[in-house]
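Colleague: Quick one, fold the following:
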Amino acid sequence: MRQLRDFVQHFFNPLHVYCRLKDLGVKAPAAHRFTRAYERLVWRHIW
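Modeller: Okay, the predicted model is just below:
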């Protein structure tokens, strides 16, 4: 169960999300804005 939790925590980490957006071709300012909003609206409530 811990492995699953660690994977989910890593996968939904804001830095990981930012990197995946960059890999998809999203420009840095847009990826940064999205990640900041994601961190405020989702990440803080998950962990």
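
Colleague: any residues touching stretch 16-25, and which ones?
Modeller: By CB atoms under 8 Å, 6 or more residues apart in numbering, the list of residues contacting stretch 16-25 from outside reads 10, 28, 30-32, 34-35, 38. No exception for glycine: its C-beta is placed from N, CA and C like everyone else's.

Colleague: Look up phi and psi at Leu24.
Modeller: Leu24 adopts backbone torsions of phi -80, psi 0, taken as degrees, to the nearest 10.

Colleague: What count of nearby residues applies to it?
Modeller: Other residues near Leu24 come to 8 when the count uses other CB atoms under 10 Å.

Colleague: And stretch 11-22, how far out from the chain middle?
Modeller: Distance of stretch 11-22 from the chain centroid (CA atoms, centre = their mean, to the nearest Å) equals 4 Å.

Colleague: which parts of that stretch are buried?
Modeller: Under the neighbour-count criterion of 16 or more other CB atoms under 10 Å, stretch 11-22 has 14, 17-18, 21 buried.

Colleague: Narrow these to those in strands?
Modeller: Taking DSSP state E, every one of these sits outside strands.

Colleague: CSV for those, including pLDDT and distance to Gln3?
Modeller: Supplementary listing: the buried residues of stretch 11-22 in CSV, determined by pLDDT from 0 to 100; distance: CB to CB, whole Å:
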residue, pLDDT, distance to Gln3
Pro14, 95, 21
Val17, 96, 20
Tyr18, 97, 24
Leu21, 97, 25
